[in-house]
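Student: here is a sequence together with a model predicted from it:
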Amino acid sequence: MKTLNISKKTVLDAYRTEELREKQLLEKLFGAEIFSEKVTDRIKTLQDAIEETGRPEVPAFSDVPEDLRPYFQEQYKAIVVTEALNEGWEADYNDGNQKKWMPWLKASLSGFAFGDTYCVRSDPAAGRAARLCLKSDELAAYVGKQFTDIHAGIITK
């Protein structure tokens, strides 16, 4: 019998997009526990987010002026982390009832720290990038605590 090689990411992606019957089959094949794992258990580092999304490593942004590259690299990191944690969810600014969550960092003498989360409805502004909105308050708090350095890098670089 021939062995099949399938990545965990492929299995989890299939599970998220399938109907109940197909989900039950996947649970039977791979075990239900693999699908009960929370996204915050899988995504602890930037590398985890890169693997989850299939995005390439952080680009050099060599076509951008050198002094701007660090900012774009931090922005890229934040987008990849957000995509991974949102598991396919995207903010819809045409939906005024949809909640969109962001971490809020506070500055101190020792640097930046997670302060709180905030929710916006459909009022996009320069400070609220749709690609950085999260689907829940819990995920925004997680990003603010786990990935503080990346979000602080957007501010400081």
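Tutor: Arrived safely, thanks for sending.

Student: check which residues of stretch 140-150 are buried.
Tutor: With burial defined by 16 or more other CB atoms under 10 Å, the residues of stretch 140-150 counted as buried are 140, 141, 142, 143, 144, 146, 147, 148, 150. Using the backbone N, CA and C atoms, a C-beta is placed for each residue, glycine as well.

Student: any chance of those in TSV, plus distance to residue 92 and pLDDT?
Tutor: As requested, those are arranged in TSV below (distance: CB to CB, whole Å; pLDDT from 0 to 100):
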residue	distance to residue 92	pLDDT
140	17	94
141	22	94
142	22	96
143	19	96
144	22	92
146	25	97
147	23	96
148	27	93
150	24	94
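
Student: out of the residues you listed, the closest to residue 83 would be?
Tutor: Taking CB to CB as the measure, residue 83 lies nearest residue 143 of the buried residues of stretch 140-150, at 11.7 Å.

Student: and that closest one, which of the three is it?
Tutor: Using DSSP: H, G, I helix; E, B strand; the rest coil, the structure places residue 143 in helix.

Student: grab the nearest non-local neighbour of it.
Tutor: Closest residue to residue 143 in three dimensions, ignoring its sequence neighbours and counting by CB to CB, 6 or more residues apart in numbering: residue 103, at 4.8 Å.
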